[in-house]
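In: Give me coordinates for this.
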Amino acid sequence: MDDFLWDWVLSYQELVFTRISPEHKLRIVSEFQRRAEIVAVTDNRAKDVPALKCAHLGVAIQFDIEVSKEAGDIILLDNNFSSIIQAIETGRLLSDNLKKVAVYRLPEGSWSQIWPVFFNLWFGMPLALSALWATVFCMLNDVVMSLAVVTEKPNRDIMSRPPSIHGKDHLLNIKLLIHAYLFVGILECFTAFFCFCYYWIDNGVPFYSFVFTYEKFGLNGTTPYTMDQLQSMTNVAQSVYYCSMCLFQFFNFFATRTRYTSILQHNPFWGKGQNLYIFGAMFMSIAIQLFFTQIGWFNRVLGTGRVPAKYVMPTLGFGMLWLIIDELRKFCIRKYPRSLLARIAW
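Out: Residues are numbered from 1 along each chain as shown. All right, here's what the predicted structure looks like:
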């Protein structure tokens, strides 16, 4: 058959080919692949190994010959072809959860932690996040919350999505990085800096007195505090920045739980989306914050500070704002699947 006939034959959603040779089967697989279709093949004859190997997914079963098992990508141990659906769902769930971990960790793991250094170097501001807080955040708070991410159940639309194209689709792509850095990362970083500056200004240190001061912070007579007092206040301000990031990450967690489904349709309390590990992880993250900020020994030895609750309260407002924005984004993607917003969605 020529290309015109192949286009006509393969335009049908359901096809049955009979009395075909191994060469014909290989040709059918190749023609589907030429038209950007994802092809799965199963067979237990040695002659059909080329088609099994050529397909995107070669499926062998337990009682197949050894050649078929070696050529196949997966082996069905229960000899039940319905297990393929479950295997595909599990594979998509693993890929989804890995992407969710990336979207959850990238905004703070690099973005919100590197900008305090840049602001300190470029604008002469006091360092908003110390190396200690960056280490505690990455190795304790975020690890605990990330473990809750990987226990997520599949979203209700997971099997309705088109399959990934091997060699073209990647775990980390430009869409995911734009979402993590330019949307979540910028808002989270702004929120933490807002709380950081709010603490200084509320305690009688104007914004202009700690910008472009570099090593002369506190020496220019614009603050009524001594250097020892300013050092103690810097410890508290850095703790405020850290706690603000931790709190914002709770909202980012709930926004990241679903890619396109509403959080109301995939709630963590009951149903198919139930994930009670979330609340244990949140409790542990809060306990870590209180442990390092409220115990006097850590304040003295590690240079942390007690954080008054009012200085991290603005994070609740910014966090809810992000949840609303993300819910509107997901609604537009579901409502208009061909829109620009849907095309750039991770």
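
In: Now tell me what touches stretch 337-345 from outside.
Out: Residues outside stretch 337-345 that contact it (CB atoms under 8 Å, 6 or more residues apart in numbering) are 175, 178-179, 259-260, 329, 332-333, 336. Placement of C-beta: from N, CA and C, glycine included.

In: Now, the residues you listed that are in helices?
Out: Among the contacts of stretch 337-345, the ones falling in helices (DSSP state H) are 175, 329, 332-333.

In: Take the residues you listed and write them to TSV, including neighbour count.
Out: Shown next, in TSV, are those (neighbours: other CB atoms under 10 Å):
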residue	neighbour count
175	12
329	18
332	15
333	18
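
In: which of these sit farthest apart?
Out: Spatially, the most separated pair among these is 175 and 332, at 15.2 Å (CB to CB).

In: quick check, nearest of the contacts of stretch 337-345 to residue 203?
Out: Nearest to residue 203 out of the contacts of stretch 337-345 is residue 179 (CB to CB; 35.8 Å).

In: residues in contact with that closest one?
Out: Residue 179 is in contact with 103, 345-346, counting by CB under 8 Å, 6+ apart.

In: Could you single out the nearest of the residues you listed to residue 267?
Out: Residue 267 lies nearest to residue 103 out of the contacts of residue 179, by CB to CB, at 19.2 Å.

In: Farthest-apart pair in the contacts of stretch 337-345, please.
Out: Using CB to CB, the contacts of stretch 337-345 reach their maximum pairwise distance at 178 and 336, which is 19.1 Å.

In: picking up where we left off before, quick one: which of the contacts of residue 179 is the most crowded by neighbours?
Out: Greatest neighbour count in those, by other CB atoms under 10 Å, goes to residue 103: 23 neighbours.

In: which non-adjacent residue is nearest residue 129?
Out: Among residues not flanking residue 129 along the chain, residue 116 sits closest, at 4.3 Å (CB to CB, 6 or more residues apart in numbering).

In: Measure how far the helix or strand hosting the one you found is from the centre of its chain, please.
Out: For residue 116, the element it lies in under DSSP states H and E is helix 112-122. Distance of helix 112-122 from its chain centroid, counting by CA atoms, centre = their mean, to the nearest Å, is 23 Å.

In: Check which helices and strands that helix sits against.
Out: On a contact count with 3 or more CB pairs under 8 Å, 6 or more residues apart in numbering; DSSP states H and E, helix 112-122 meets helix 186-202.

In: residues in contact with the helix it packs on?
Out: Identification of contacts with helix 186-202 by CB under 8 Å, 6+ apart yields 107-108, 111-112, 115, 119, 128-129, 207, 210, 233, 236-238, 240-241, 243-245, 248-249, 252, 311-312, 314-315, 318-319, 321-322.

In: Likewise for stretch 74-81?
Out: Contacts for stretch 74-81 (CB under 8 Å, 6+ apart): 42, 57-64, 69, 83-84, 87.

In: which one of these is nearest residue 139?
Out: Closest approach to residue 139 among the contacts of stretch 74-81 (CB to CB): residue 87, at 34.3 Å.

In: For the closest one, which three-state class applies?
Out: helix (DSSP: H, G, I helix; E, B strand; the rest coil).

In: Same check on residue 75?
Out: Counting by three-state DSSP, the backbone at residue 75 sits in strand.

In: Let's have the contacts of stretch 337-345 in CSV, adding distance to residue 299 and pLDDT.
Out: As requested, the contacts of stretch 337-345 are exported to CSV (distance: CB to CB, whole Å; pLDDT from 0 to 100):
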residue, distance to residue 299, pLDDT
175, 43, 90
178, 39, 92
179, 37, 92
259, 41, 88
260, 44, 89
329, 41, 93
332, 46, 93
333, 46, 91
336, 52, 90
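
In: I'd like those residues as JSON lines, with distance to residue 6 appended.
Out: Converted to JSON lines, these look like this (distance: CB to CB, whole Å):
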{"residue": "175", "distance to residue 6": "33"}
{"residue": "178", "distance to residue 6": "38"}
{"residue": "179", "distance to residue 6": "39"}
{"residue": "259", "distance to residue 6": "35"}
{"residue": "260", "distance to residue 6": "34"}
{"residue": "329", "distance to residue 6": "40"}
{"residue": "332", "distance to residue 6": "38"}
{"residue": "333", "distance to residue 6": "34"}
{"residue": "336", "distance to residue 6": "33"}
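
In: The contacts of stretch 74-81 in helices, which ones?
Out: Those of the contacts of stretch 74-81 lying in helices (DSSP H): 69, 83-84, 87.

In: Out of these, which end up buried?
Out: Those of the ones in helices among the contacts of stretch 74-81 that meet the buried threshold are residue 69, by 16 or more other CB atoms under 10 Å.

In: Could you tell me which residues make contact with the closest residue in space to residue 42 that isn't next to it in sequence?
Out: The shortest distance from residue 42 to any non-neighbouring residue, by CB to CB, 6+ apart, is to residue 59 (4.0 Å). With CB under 8 Å, 6+ apart as the criterion, the residues that contact residue 59 are 40-42, 52, 72-76, 81, 84.

In: Which ones among the contacts of residue 179 map onto helices?
Out: Counting by DSSP H, the part of the contacts of residue 179 found in helices is residue 103.
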